[in-house]
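>>> Using only what follows, build the 3D model:
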Amino acid sequence: MMEKTSNSRWLLFLVLLSLISFVFFPTTSYAATSWLKYFRKDTLLNTYMRAYAVHGDQLWVGTYGDGVVIYDGSSTKNVNSKNTITKPEKHDGLISDLVNCLTIDERAGRVWIGTNEGLSSCNLEGTDWKRFTTSEGLPNDVVRDLAIDEKGSLWLGTPSGVACFDGEAWKTYTTANGLYEDSVQALTVENGAVWVATIGGAVCRYSGDTWKTFIHN
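Numbering: from 1, shown residues only. Okay, here's the model as predicted:
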């Protein structure tokens, strides 16, 4: 009985020690020559960070609920669905603060941000916003992953298939085109081919004009 009580006390002590460590010693990151600590007061905002992209000294962080934070090494800037709208009738700005993914097109100088309510794009200064939804050609407003290919085309994965944007028009790929499963979780581009992972566990590759399934349940 005494041993059980002693174990309980040690468990309580470890829990309290963990809480103290979390509050007073937050996660740190190394930048150049010193370690930096980030709190909510430093505009890190939501600790539920979903996506990251780097351009030069700029770090873009997508959060699930508070939009995007841009850090340039000395200051931070938050862009969200409220402060990026220029005029209500223009329907611009970040389309949703629930960010799932983001990527940077270095050649075009554009940042693409996938959310639960559509796709947004802006320049590297966080201005000149554009929005895309199913009305503009997306197969689904939920965008789970993004990638840029060697030609500069944007690829995105959704619960309703894969879409490709060449800068002018959207093209959608589904099971009707050879994709094993429409519900896509992640994708990447490598050596001119697009690799796709689905919710059901399949891995497919699009090369040339053909889909090939490598793994499936």
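
>>> Give me the phi and psi for the spatially most central residue of the chain.
For the chain, the residue sitting closest to the mean C-alpha position, by C-alpha atoms, centre = their mean, is residue 101 at 1.4 Å. According to degrees, to the nearest 10, the main-chain angles of residue 101 amount to phi -160, psi 160.

>>> That one and residue 142 touch, don't they?
No. Assessed by C-beta atoms under 8 Å, residue 101 is found out of contact with residue 142, at 10.7 Å. The way it works is simple: take the backbone N, C-alpha and C, and place the C-beta from them, glycine included.

>>> just to revisit the earlier point, the residue nearest to the centre of the chain and residue 65: what is the separation?
For residue 101, the distance to residue 65 (C-beta to C-beta, to the nearest Å) stands at 15 Å.

>>> Equivalent analysis for residue 81, please.
In this view, residue 81 and residue 65 are 11 Å apart by C-beta to C-beta.

>>> and the helix or strand hosting residue 147, which strands flank it?
Using DSSP states H and E, residue 147 falls within strand 145-148. The pairing partners recorded for strand 145-148 under DSSP bridges are strand 154-158 (antiparallel).

>>> same for the helix or strand just after the partner strand, what does it pack against?
For strand 154-158, the following helix or strand on the C-terminal side (DSSP H and E) is strand 161-165. Other helices and strands packing on strand 161-165, by 3 or more C-beta pairs under 8 Å, 6 or more residues apart in numbering; DSSP states H and E, are strand 154-158, strand 170-173, strand 184-190.

>>> quick one, what contacts the nearest residue to residue 99 once chain neighbours are set aside?
Leaving aside its sequence neighbours, residue 99 sits nearest to residue 62 (C-beta to C-beta, 6 or more residues apart in numbering; 3.3 Å). Counting by C-beta atoms under 8 Å, 6 or more residues apart in numbering, residue 62 touches 49, 50, 51, 52, 68, 99, 100, 101, 102, 113.

>>> what is the rounded mean pLDDT of stretch 112-125?
The pLDDT scores in stretch 112-125 average 97.

>>> On the three-state scheme, residue 107 is what?
coil (DSSP: H, G, I helix; E, B strand; the rest coil).

>>> Roughly how far does it sit from residue 190?
To residue 190, residue 107 is 18 Å away according to C-beta to C-beta.

>>> Could you tell me which residues make contact with the closest residue to residue 107 other than its chain neighbours?
Closest residue in space to residue 107, ignoring its immediate chain neighbours: residue 152 at 5.7 Å, by C-beta to C-beta, 6+ apart. Contacts for residue 152 (C-beta under 8 Å, 6+ apart) come out as 105, 107, 108, 166, 167.

>>> quick one: the closest residue to the third one other than its chain neighbours from residue 144, how far?
Ranked by C-beta to C-beta, 6+ apart and with sequence neighbours excluded, the top spatial neighbour of residue 108 is residue 152, at 6.3 Å. In this structure, residue 152 and residue 144 are separated by 21 Å, where distance is defined by C-beta to C-beta.

>>> and what of residue 120?
According to C-beta to C-beta, residue 120 and residue 144 sit 15 Å apart.
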